[in-house]
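> what's the 3D shape of this:
(2 chains)
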Number of protein chains: 2
Amino acid sequence: MVQKLSPEARAQFFSDHPEWKEAEGKDAAQTTLQFKDFNEAWGFMSRVALYADKHDHHPEWFNVYNRVEVTLTTHDADGLSERDVAMAEFLDSLRS
Amino acid sequence: MVQKLSPEARAQFFSDHPEWKEAEGKDAAQTTLQFKDFNEAWGFMSRVALYADKHDHHPEWFNVYNRVEVTLTTHDADGLSERDVAMAEFLDSLRS
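Prediction:
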């Protein structure tokens, strides 16, 4: 069973990852990524999909054309966990 | 320039495609698809992405795990057009 981040670890995450904001109304982290076009956005999403399937940890995400909005949370932990931190850092590594 | 559907053609679309509902607050069509798991949902999304890129017509869509919510509209037409009808029928052909 994966555990929710401690309040200190949670605060540290948002401090260390300025591209991520606290979601409203739930214990989750959100970011928006902007690409050149749909082709590039889809390339990004495909890399995240492989990561998600491999780690059995899935984003909530919205896409229209070149924009991707991502929300991360861990349902089993009822909030942000180390799984979200790891996924957020993977996503950040793909930003152009 | 692609044209908006006539009121008659629009009504016919929703009558012929019961899985699609009118979006609230904009001239768009929405549906939700449910799959076995993320792998299957992603397979569906990948097929739609190839279609979207080929036809230069892109969905607004949200995914979490095995659920995909799709909204179709044509920005150039400021509403539903034949492009959305064609894409909706392609999506419907992929339902399991």
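
> kindly export the longest helix along chain A (C-alpha atoms) in PDB.
Counting by DSSP state H, the longest helix found in chain A is helix A:38-55. The C-alpha coordinates for helix A:38-55 follow below in PDB (Å, rounded to 0.1, in the frame of the first residue of the first chain):
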ATOM      1  CA  PHE A  38      -0.700  17.900 -32.100                       C
ATOM      2  CA  ASN A  39       2.000  15.600 -33.500                       C
ATOM      3  CA  GLU A  40       4.400  16.800 -30.900                       C
ATOM      4  CA  ALA A  41       1.800  16.700 -28.100                       C
ATOM      5  CA  TRP A  42       0.900  13.100 -29.100                       C
ATOM      6  CA  GLY A  43       4.600  12.100 -29.000                       C
ATOM      7  CA  PHE A  44       4.800  13.400 -25.400                       C
ATOM      8  CA  MET A  45       1.500  11.600 -24.500                       C
ATOM      9  CA  SER A  46       2.800   8.400 -26.000                       C
ATOM     10  CA  ARG A  47       5.900   8.400 -23.900                       C
ATOM     11  CA  VAL A  48       3.900   9.100 -20.800                       C
ATOM     12  CA  ALA A  49       1.500   6.300 -21.700                       C
ATOM     13  CA  LEU A  50       4.300   3.800 -21.800                       C
ATOM     14  CA  TYR A  51       5.600   5.000 -18.500                       C
ATOM     15  CA  ALA A  52       2.000   4.800 -17.000                       C
ATOM     16  CA  ASP A  53       1.400   1.300 -18.300                       C
ATOM     17  CA  LYS A  54       4.800   0.100 -17.000                       C
ATOM     18  CA  HIS A  55       4.400   1.600 -13.600                       C
END
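
> just how off-centre is that helix within its chain?
12 Å (Cα atoms, centre = their mean, to the nearest Å).

> please name every helix or strand in contact with the helix or strand just after that helix.
Next helix or strand after helix A:38-55 toward the C-terminus (DSSP states H and E): strand A:60-64. Secondary-structure packing of strand A:60-64 (3 or more Cβ pairs under 8 Å, 6 or more residues apart in numbering or on different chains; DSSP states H and E): helix A:38-55, strand A:67-72, strand B:60-64. The C-beta positions use only the backbone N, C-alpha and C, and glycine is treated the same way.

> now with 6 Å?
With contacts taken as 3 or more Cβ pairs under 6 Å, 6 or more residues apart in numbering or on different chains; DSSP states H and E, strand A:60-64 sits against strand A:67-72, strand B:60-64.

> partners of the last one in the sheet?
For strand B:60-64, the paired strands and their directions (DSSP bridges) are strand A:60-64 (antiparallel), strand B:67-72 (antiparallel).
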